[in-house]
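[1] Need a 3D model of the sequence below.
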Amino acid sequence: MNRQVHHDDNDEIRPEYDFSRGVRGKYYEAYRADTNVVPLESDVAKVFTDSASVNQVLRLLVQLAKTNVPVETRPNTAPQPTSRAQRRGKKPKPVRAARG
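    Residues are numbered from 1 along each chain as shown. Got it, this is the predicted structure:
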């Protein structure tokens with residue numbers, strides 16, 4: 001394997017990239033521990049201050065997702081149009097007298 005580093009003349013960081021507040025290896029230990037690291041948005045992080053509270057709420061959501069929704073809360077039929085005038089479709093065929 002070739003480990004030589006080739007430097008180009010254009011090997012500069014663009015001005016719009018700001019790494020001044022970057023932390024090297026910030027998630028390294030969590031990654032090595034084989035855990036899922038999920039950064040939270042600031043408003044969510046204010047509510048969930050530790051991993052125990054996050055896990056508790058996620059377990060509750062999983063439990064709710066596994067419960068069955070009672071049949072009574074579902075509508076019995078599909079919604080129907082309020083009047084026949086609003087319905088657009090094929091015109092009914094005229095009824096023909098039977099020959100006999």
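[2] What segments of this structure are helices?
    28-32, 42-47, 51-66 (DSSP state H).
[3] For those helices, give me TSV that also has distance to residue 99 and mean pLDDT.
    In this view, the C-beta of every residue, glycine as well, is placed from N, C-alpha and C. Below are the helices of the chain laid out as TSV (distance: least, CB to CB, whole Å; pLDDT from 0 to 100):
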stretch	distance to residue 99	mean pLDDT
helix 28-32	84	80
helix 42-47	76	92
helix 51-66	62	91
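[4] any chance of those in CSV, with mean neighbour count and distance to residue 78 too?
    Listed next are the helices of the chain as CSV, based on neighbours: other CB atoms under 10 Å; distance: least, CB to CB, whole Å:
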stretch, mean neighbour count, distance to residue 78
helix 28-32, 11, 49
helix 42-47, 9, 38
helix 51-66, 10, 26
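[5] Which among these is found nearest to residue 96?
    helix 51-66 (56.4 Å; CB to CB).
[6] out of the helices of the chain, nearest to residue 94?
    Proximity to residue 94 (CB to CB) singles out helix 51-66 among the helices of the chain, at 53.8 Å.
[7] Run through who's touching that closest one.
    40, 47, 48 (CB atoms under 8 Å, 6 or more residues apart in numbering).
[8] Tabulate these (a markdown table), appending distance to residue 98.
    A markdown table is the format used below for the contacts of helix 51-66 (distance: CB to CB, whole Å):
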| residue | distance to residue 98 |
| --- | --- |
| 40 | 75 |
| 47 | 74 |
| 48 | 75 |
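[9] could you dump the helices of the chain to TSV with distance to residue 20?
    As requested, the helices of the chain are arranged in TSV below (distance: least, CB to CB, whole Å):
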stretch	distance to residue 20
helix 28-32	20
helix 42-47	20
helix 51-66	29
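[10] Would you mind saying which of these lies nearest residue 18?
    Per CB to CB, nearest to residue 18 of the helices of the chain: helix 42-47, 18.6 Å.
[11] Other residues contacting that closest one?
    Applying CB under 8 Å, 6+ apart, the contact partners of helix 42-47 are residue 53.
[12] go on, stretch 12-31?
    residue 37.
[13] One more pass at 10 Å, please.
    Here stretch 12-31 makes contact (CB atoms under 10 Å, 6 or more residues apart in numbering) with 32, 35, 36, 37, 38, 39.
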